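Student: Below is the sequence, then the predicted model.
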Amino acid sequence: METQEALRLIFLGPPGSGKGAQAKIIATRNKAKHISTGDILREAAVAGTDLGLKAKKFMDAGELVPDEVLLGIVEEILSDDETARSFILDGFPRTMPQAEGLEELFGKLKVKLDCAIKLDVPDQAIVERLTARVFCASCKTDFNLRTKPPSQSGVCDNCGGPLVQRNDDRKEVIENRLKVYHDLASPIEAFYKRRGLLKVIAANRGFDEITHDILAAIS
(Lines give C-alpha, C1' and ligand atoms only; values in the text may rest on other atoms or scores of the structure.)
Protein backbone atom coordinates (compact mmCIF):
# COMPACT_ATOMS: atom_id res chain seq x y z
CA MET A 1 0.00 0.00 0.00
CA GLU A 2 1.37 3.43 -1.01
CA THR A 3 2.24 5.72 1.89
CA GLN A 4 0.86 9.24 1.66
CA GLU A 5 3.57 11.89 1.93
CA ALA A 6 3.37 14.26 4.89
CA LEU A 7 2.03 17.71 4.06
CA ARG A 8 2.12 20.72 6.39
CA LEU A 9 0.81 23.95 4.93
CA ILE A 10 -0.55 27.35 5.88
CA PHE A 11 -3.01 29.06 3.55
CA LEU A 12 -3.03 32.86 3.55
CA GLY A 13 -5.13 35.29 1.54
CA PRO A 14 -7.68 38.10 1.80
CA PRO A 15 -11.39 37.52 2.41
CA GLY A 16 -12.95 36.32 -0.82
CA SER A 17 -9.69 34.92 -2.22
CA GLY A 18 -11.03 31.36 -2.20
CA LYS A 19 -8.45 30.03 0.25
CA GLY A 20 -11.01 27.99 2.19
CA ALA A 21 -12.28 26.16 -0.88
CA GLN A 22 -8.76 25.54 -2.20
CA ALA A 23 -7.54 24.37 1.21
CA LYS A 24 -10.36 21.80 1.37
CA ILE A 25 -9.54 20.47 -2.11
CA ILE A 26 -5.80 20.17 -1.38
CA ALA A 27 -6.50 18.58 2.02
CA THR A 28 -8.83 15.99 0.49
CA ARG A 29 -6.41 15.12 -2.31
CA ASN A 30 -3.53 14.69 0.13
CA LYS A 31 -5.50 13.14 3.01
CA ALA A 32 -4.46 16.04 5.23
CA LYS A 33 -6.44 17.52 8.11
CA HIS A 34 -8.13 20.79 7.09
CA ILE A 35 -7.93 23.12 10.09
CA SER A 36 -10.10 26.22 9.75
CA THR A 37 -10.03 28.70 12.65
CA GLY A 38 -13.80 29.16 12.73
CA ASP A 39 -14.45 25.42 12.59
CA ILE A 40 -11.98 24.48 15.33
CA LEU A 41 -13.35 27.16 17.66
CA ARG A 42 -16.91 25.92 17.17
CA GLU A 43 -15.85 22.28 17.57
CA ALA A 44 -13.90 23.02 20.76
CA ALA A 45 -16.88 24.92 22.18
CA VAL A 46 -19.25 22.03 21.39
CA ALA A 47 -16.78 19.50 22.83
CA GLY A 48 -16.74 21.48 26.07
CA THR A 49 -12.98 21.39 26.59
CA ASP A 50 -11.52 23.92 29.02
CA LEU A 51 -10.10 25.98 26.16
CA GLY A 52 -13.27 25.49 24.12
CA LEU A 53 -15.40 26.91 26.94
CA LYS A 54 -13.02 29.86 27.32
CA ALA A 55 -13.26 30.53 23.58
CA LYS A 56 -17.07 30.27 23.70
CA LYS A 57 -17.31 33.05 26.28
CA PHE A 58 -15.50 35.44 23.93
CA MET A 59 -17.44 34.30 20.85
CA ASP A 60 -20.80 34.64 22.64
CA ALA A 61 -19.82 38.19 23.61
CA GLY A 62 -18.87 38.99 20.02
CA GLU A 63 -15.22 39.47 20.99
CA LEU A 64 -12.02 38.14 19.41
CA VAL A 65 -10.70 34.97 20.98
CA PRO A 66 -7.31 35.76 22.62
CA ASP A 67 -4.22 34.47 20.84
CA GLU A 68 -3.19 32.24 23.74
CA VAL A 69 -6.58 30.46 23.76
CA LEU A 70 -6.56 30.00 20.00
CA LEU A 71 -2.98 28.72 20.01
CA GLY A 72 -3.88 26.35 22.85
CA ILE A 73 -6.69 24.86 20.77
CA VAL A 74 -4.37 24.49 17.76
CA GLU A 75 -1.85 22.75 20.05
CA GLU A 76 -4.51 20.29 21.23
CA ILE A 77 -5.31 19.43 17.60
CA LEU A 78 -1.69 19.08 16.50
CA SER A 79 -0.84 16.97 19.55
CA ASP A 80 -2.46 14.10 17.66
CA ASP A 81 0.42 12.46 15.76
CA GLU A 82 -1.66 11.62 12.68
CA THR A 83 -2.94 15.21 12.41
CA ALA A 84 0.52 16.69 12.99
CA ARG A 85 1.84 14.56 10.13
CA SER A 86 -0.38 16.17 7.47
CA PHE A 87 -2.45 19.32 7.93
CA ILE A 88 -3.48 22.59 6.33
CA LEU A 89 -4.03 25.65 8.52
CA ASP A 90 -6.66 27.71 6.73
CA GLY A 91 -6.51 31.46 7.47
CA PHE A 92 -4.27 31.07 10.51
CA PRO A 93 -2.16 32.81 11.71
CA ARG A 94 -3.88 36.19 11.29
CA THR A 95 -1.61 38.31 13.49
CA MET A 96 2.12 38.44 14.17
CA PRO A 97 1.72 37.23 17.78
CA GLN A 98 -0.16 34.21 16.35
CA ALA A 99 2.60 33.60 13.77
CA GLU A 100 5.32 33.80 16.41
CA GLY A 101 3.32 31.64 18.82
CA LEU A 102 2.71 29.08 16.07
CA GLU A 103 6.42 28.90 15.29
CA GLU A 104 7.14 28.21 18.98
CA LEU A 105 4.42 25.56 18.95
CA PHE A 106 5.92 23.88 15.87
CA GLY A 107 9.28 23.79 17.64
CA LYS A 108 7.73 22.29 20.74
CA LEU A 109 5.91 19.60 18.74
CA LYS A 110 8.89 19.05 16.38
CA VAL A 111 6.70 19.91 13.39
CA LYS A 112 8.38 21.29 10.25
CA LEU A 113 6.21 23.54 8.07
CA ASP A 114 6.51 22.84 4.32
CA CYS A 115 5.33 26.23 3.10
CA ALA A 116 2.86 29.09 3.43
CA ILE A 117 0.64 29.47 0.35
CA LYS A 118 -0.63 32.98 -0.32
CA LEU A 119 -3.58 33.32 -2.71
CA ASP A 120 -3.03 36.69 -4.34
CA VAL A 121 -6.07 38.55 -5.68
CA PRO A 122 -6.21 42.30 -6.51
CA ASP A 123 -8.39 44.28 -4.12
CA GLN A 124 -10.68 45.46 -6.92
CA ALA A 125 -11.38 41.87 -7.95
CA ILE A 126 -12.21 40.99 -4.32
CA VAL A 127 -14.63 43.92 -4.10
CA GLU A 128 -16.30 42.84 -7.36
CA ARG A 129 -16.58 39.24 -6.15
CA LEU A 130 -18.05 39.98 -2.75
CA THR A 131 -20.41 42.82 -3.70
CA ALA A 132 -21.97 40.45 -6.26
CA ARG A 133 -23.09 38.05 -3.51
CA VAL A 134 -26.78 38.05 -2.56
CA PHE A 135 -29.05 35.60 -0.78
CA CYS A 136 -32.75 34.87 -0.46
CA ALA A 137 -34.32 36.52 2.57
CA SER A 138 -36.81 33.63 2.81
CA CYS A 139 -34.97 30.35 2.12
CA LYS A 140 -31.37 31.64 2.47
CA THR A 141 -30.26 30.25 -0.94
CA ASP A 142 -27.05 31.96 -2.10
CA PHE A 143 -26.58 33.59 -5.49
CA ASN A 144 -23.82 35.56 -7.18
CA LEU A 145 -24.82 38.23 -9.69
CA ARG A 146 -21.65 37.54 -11.72
CA THR A 147 -21.18 33.78 -11.53
CA LYS A 148 -24.54 32.35 -10.39
CA PRO A 149 -27.26 34.93 -11.17
CA PRO A 150 -30.98 34.28 -10.55
CA SER A 151 -33.23 33.69 -13.57
CA GLN A 152 -35.22 36.81 -12.65
CA SER A 153 -33.48 39.87 -11.22
CA GLY A 154 -33.98 40.22 -7.47
CA VAL A 155 -36.06 37.04 -7.16
CA CYS A 156 -35.00 33.66 -5.73
CA ASP A 157 -35.16 30.75 -8.21
CA ASN A 158 -35.88 28.36 -5.35
CA CYS A 159 -38.83 29.96 -3.56
CA GLY A 160 -39.56 33.29 -5.25
CA GLY A 161 -38.44 35.27 -2.21
CA PRO A 162 -36.60 38.61 -2.42
CA LEU A 163 -32.81 38.62 -2.83
CA VAL A 164 -30.84 40.83 -0.45
CA GLN A 165 -27.21 41.67 0.24
CA ARG A 166 -25.48 40.95 3.54
CA ASN A 167 -24.16 43.99 5.39
CA ASP A 168 -20.66 42.47 5.26
CA ASP A 169 -20.82 42.48 1.46
CA ARG A 170 -21.33 46.22 1.05
CA LYS A 171 -18.50 47.94 -0.84
CA GLU A 172 -17.39 50.21 2.00
CA VAL A 173 -17.36 47.32 4.50
CA ILE A 174 -15.30 45.11 2.16
CA GLU A 175 -12.80 47.90 1.49
CA ASN A 176 -12.34 48.38 5.24
CA ARG A 177 -11.92 44.62 5.78
CA LEU A 178 -9.26 44.56 3.07
CA LYS A 179 -7.39 47.46 4.67
CA VAL A 180 -7.41 45.69 8.04
CA TYR A 181 -6.32 42.46 6.35
CA HIS A 182 -3.35 44.06 4.58
CA ASP A 183 -2.22 45.84 7.76
CA LEU A 184 -2.16 42.51 9.60
CA ALA A 185 -1.05 40.24 6.74
CA SER A 186 1.94 42.17 5.38
CA PRO A 187 4.27 41.42 8.34
CA ILE A 188 3.09 37.77 8.41
CA GLU A 189 3.90 37.33 4.72
CA ALA A 190 7.32 38.93 5.30
CA PHE A 191 7.83 36.59 8.29
CA TYR A 192 7.40 33.48 6.09
CA LYS A 193 9.23 35.00 3.12
CA ARG A 194 12.33 35.53 5.28
CA ARG A 195 12.22 31.83 6.10
CA GLY A 196 11.96 30.88 2.43
CA LEU A 197 8.51 29.39 3.01
CA LEU A 198 6.18 31.82 1.21
CA LYS A 199 4.76 30.77 -2.16
CA VAL A 200 2.47 33.22 -3.95
CA ILE A 201 -0.26 31.90 -6.25
CA ALA A 202 -2.14 34.23 -8.62
CA ALA A 203 -5.75 33.50 -7.66
CA ASN A 204 -7.82 35.74 -9.92
CA ARG A 205 -8.31 32.90 -12.40
CA GLY A 206 -10.28 29.72 -12.88
CA PHE A 207 -10.60 27.48 -9.81
CA ASP A 208 -8.95 24.44 -11.44
CA GLU A 209 -6.03 26.54 -12.69
CA ILE A 210 -5.37 27.77 -9.17
CA THR A 211 -5.57 24.23 -7.76
CA HIS A 212 -3.11 23.04 -10.42
CA ASP A 213 -0.59 25.74 -9.51
CA ILE A 214 -0.91 25.05 -5.78
CA LEU A 215 -0.26 21.34 -6.36
CA ALA A 216 2.74 22.21 -8.52
CA ALA A 217 4.09 24.58 -5.84
CA ILE A 218 3.92 21.95 -3.10
CA SER A 219 5.10 18.97 -5.14
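Tutor: That came through, no problem. Since the structure is predicted, the reported quantities are computational estimates derived from the model, not experimental observations. Numbering: from 1, shown residues only.
Student: Every contact and neighbour count from this point should use C-alpha atoms.
Tutor: Will do.
Student: got a list of contacts for the top helix by length along the chain?
Tutor: Ranked by residue count and defined by DSSP state H, the top helix of the chain is helix 171-194. The contact list for helix 171-194 (Cα atoms under 8 Å, 6 or more residues apart in numbering) reads 14-15, 93-96, 99, 116, 123, 127, 130-131, 167-168, 198.
Student: Which helix or strand contains residue 59?
Tutor: Assigned by DSSP states H and E, residue 59 belongs to helix 50-60.
Student: Tell me which residues of that helix come out buried.
Tutor: Across helix 50-60, burial judged by 16 or more other Cα atoms under 10 Å covers 51, 52, 53, 54, 55, 56.
Student: do stretch 186-199 as well
Tutor: For stretch 186-199, the neighbour count (16+ other Cα under 10 Å) marks 188, 189, 191, 192, 197, 198, 199 as buried.
Student: still on that earlier bit, what is the subsequent helix or strand relative to the helix holding residue 59?
Tutor: As assigned by DSSP H and E, the chain's next helix or strand after helix 50-60 is helix 67-78.
Student: any chance you could map the strands in this protein?
Tutor: For the chain, applying DSSP state E gives strands covering 7-12, 33-36, 86-90, 115-120, 133-136, 142-144, 163-164, 198-202.
Student: Dump those strands into a markdown table; add distance to residue 72 and mean pLDDT as well.
Tutor: As requested, the strands of the chain are exported to a markdown table (distance: least, Cα to Cα, whole Å; pLDDT from 0 to 100):
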| stretch | distance to residue 72 | mean pLDDT |
| --- | --- | --- |
| strand 7-12 | 17 | 96 |
| strand 33-36 | 14 | 94 |
| strand 86-90 | 14 | 96 |
| strand 115-120 | 21 | 97 |
| strand 133-136 | 35 | 95 |
| strand 142-144 | 35 | 92 |
| strand 163-164 | 38 | 96 |
| strand 198-202 | 24 | 97 |
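Student: Domain-wise, how is this structure divided?
Tutor: By the record's domain assignment, the chain is partitioned as 7-121+184-218, 123-169 (automatic domain parsing).
Student: could the ones you listed be laid out in CSV, adding distance to residue 177?
Tutor: Formatted as CSV, the domains of the chain follow (distance: least, Cα to Cα, whole Å):
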stretch, distance to residue 177
domain 7-121+184-218, 8
domain 123-169, 9
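Student: Identify the bridge partners of the closest residue to residue 166 other than its chain neighbours.
Tutor: Leaving aside its chain neighbours, residue 166 sits nearest to residue 134 (6.9 Å; criterion: Cα to Cα, 6 or more residues apart in numbering). Here residue 134 shows beta-bridge partners residue 143, assigned using DSSP bridges.
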